[in-house]
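Trainee: Got a predicted structure plus its sequence, pasted below:
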Amino acid sequence: MYAAAGVLSDALQVFDEMPDRNSVSWNVLITGLVRWGELEYARSLFDEMPEKNVVTWTGMIDGHVRIGRFGEGLSLFQRMVCCENMKPSEITILALMPAVSGLKDMRVCRLVHCYAEKRGLIAFDIRVANSVIDTYAKCGCIESASRFFEDLMERKNLVSWTTIITGLAMHGFGEEAVERFDRMEKAGWKPNRVTFLSVFNACSHGGLVDQGLKFLEKMVNEYQILPDIKHYGCLVDMLARLGRLEEAENLALGIPTEIANVVVWRTLLGACSFHDNVEMAERVTRKIMEMERGYGGDYVLMHNIFVGAGRFGDAEKFRKLMHQRNAIKLPGQSAI
DNA sequence: CTAGGGTTAG
C-alpha cells in the first residue's frame, strides 16, 4: 500500500477512488498519515470516519503520544473507553503508557494499571505488564514498580528484569539493582546488552564502581558481549563522577574509533571540571575539538575551568575561539 | 512488509 511506502498523494488518490472502502482502508491511510507526521490530516480523516474501531483509536493515541502530546493521547483514551464504549487492546495500553510516563502522574498510572488488570490485558500479554513496571518507575514510584514486578512471580521474563533494574538505577538504588541482577541470573535468564546497560547505569548512579567493572568483565568474558558506545558512556561516567579520572580517560581512549562519540568525552570534561583536573580537561577538550567544534557548551566549560585555575589568559583564548568559530550558545548558558 | 510500539548512557 502507498501509505506504508510513504507516497502520500498516491495513497490519498487510491483511497478516493476506492469503491469499497472498509475500516481497514481507513485505518491504513490514517496510520500512514500518522507515521508521516501528518497528524492534523489524520485527525480530520479520523473525525470523518464513519465506524471507528479499536485500531483506529489506538493509531490516533499513538500518533499523539509519539510527538509528545501526552494529554491529548490520554483524553483520546478516555473518550474511547468512556464515551465510545470501545474495548482497548493490549496495543492500546502499550501506545498509551509513554504518555502516562510523560505526564508523571501516579494517579493516572494506577488507573490505567487497574483498568488493564480488570480487562485481563496484563495476564494476557507480558509486554503490558512490563510497560506497567516501567511507567510506575517513570512516574516516580519505584516501590509500586517493584511490588508489581515481584507479584508477576514466574511470568517475569528478561525484559521484566531489565525494566526493574533500569527503574532502580533511575532512582539511585544501585545495591537493589545489583541484587535483582544476581537473582535474575540465578533464575536462569541470560542478560543481554540492554540488561548490562541498565546494571552499569545502576552502578554509576549508585556509586558502585568496582561492582560495575566486575559486570563489564562478566559481560565480555562470560557472555561474549562487546561493549557498545552506551556501555562505554555509562562506565566512563561511573568512574569519572567518583573522581577516578585516569581510569575513565583510559577507558575512553580504548573505545574503537568506529563507535566513539563526542558525548562520552563531554561527560569526562564535566567530571574534570567538577574534580578540578585542568590538565586532563585540556587533553579531553582537544579530543572533543577533533570531533565537534560547534558546541558552545564545551568552550564555556573550558573557559570556566581555566578561570577556576586562575589561568585567565587561557580562559580568554577560549572565549575568543568560541566567537570566532561561531559556536552555538545554548539557552541558560552564560554569555562569555 | 501487508492495520500494531515491552526494557537502552548524558
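Mentor: Everything's here; your move.
Trainee: Run through the residues that contact residue A:12.
Mentor: residue A:29 (C-beta atoms under 8 Å, 6 or more residues apart in numbering). C-betas here are computed from N, CA, C, even on glycine.
Trainee: Which pLDDT value goes with it?
Mentor: On the pLDDT scale, residue A:12 is placed at 82.
Trainee: residue ranges for the strands of the stretch 51-200 of chain A, please.
Mentor: Taking DSSP state E, counting those that start in this stretch, the stretch 51-200 of chain A contains no strands at all.
Trainee: Contact residues of the stretch 51-200 of chain A facing DNA strand B?
Mentor: Proximity of the stretch 51-200 of chain A to DNA strand B, by C-beta under 7 Å from any atom of the strand, involves residues A:53-56, A:58-59, A:61-62, A:65, A:89-92, A:94-95, A:98, A:126-127, A:129-131, A:134, A:157-160, A:162-163, A:166, A:192-195, A:197-198.
Trainee: Work out for me the element the closest residue to DNA strand B within the stretch 101-250 of chain A sits within.
Mentor: DNA strand B sits closest to residue A:233 of the stretch 101-250 of chain A, with a gap of 1.7 Å, by C-beta to the nearest atom of the strand. Assigned by DSSP states H and E, residue A:233 falls within helix A:229-241.
Trainee: could I get that helix in PDB with only the CA atoms?
Mentor: This file holds the C-alpha atoms of helix A:229-241, laid out as PDB (Å, rounded to 0.1, in the frame of the first residue of the first chain):
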ATOM      1  CA  ILE A 229      29.000   3.200  22.900                       C
ATOM      2  CA  LYS A 230      26.300   3.400  25.500                       C
ATOM      3  CA  HIS A 231      28.100   0.900  27.700                       C
ATOM      4  CA  TYR A 232      31.300   2.900  27.400                       C
ATOM      5  CA  GLY A 233      29.400   6.100  28.200                       C
ATOM      6  CA  CYS A 234      27.900   4.700  31.400                       C
ATOM      7  CA  LEU A 235      31.200   3.200  32.600                       C
ATOM      8  CA  VAL A 236      33.200   6.400  31.800                       C
ATOM      9  CA  ASP A 237      30.600   8.400  33.700                       C
ATOM     10  CA  MET A 238      30.700   5.900  36.600                       C
ATOM     11  CA  LEU A 239      34.400   6.200  37.000                       C
ATOM     12  CA  ALA A 240      34.600   9.900  36.300                       C
ATOM     13  CA  ARG A 241      31.900  11.100  38.700                       C
END
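Trainee: And that helix, what's buried?
Mentor: For helix A:229-241, a neighbour-count test (16 or more other C-beta atoms under 10 Å) marks A:230-241 as buried.
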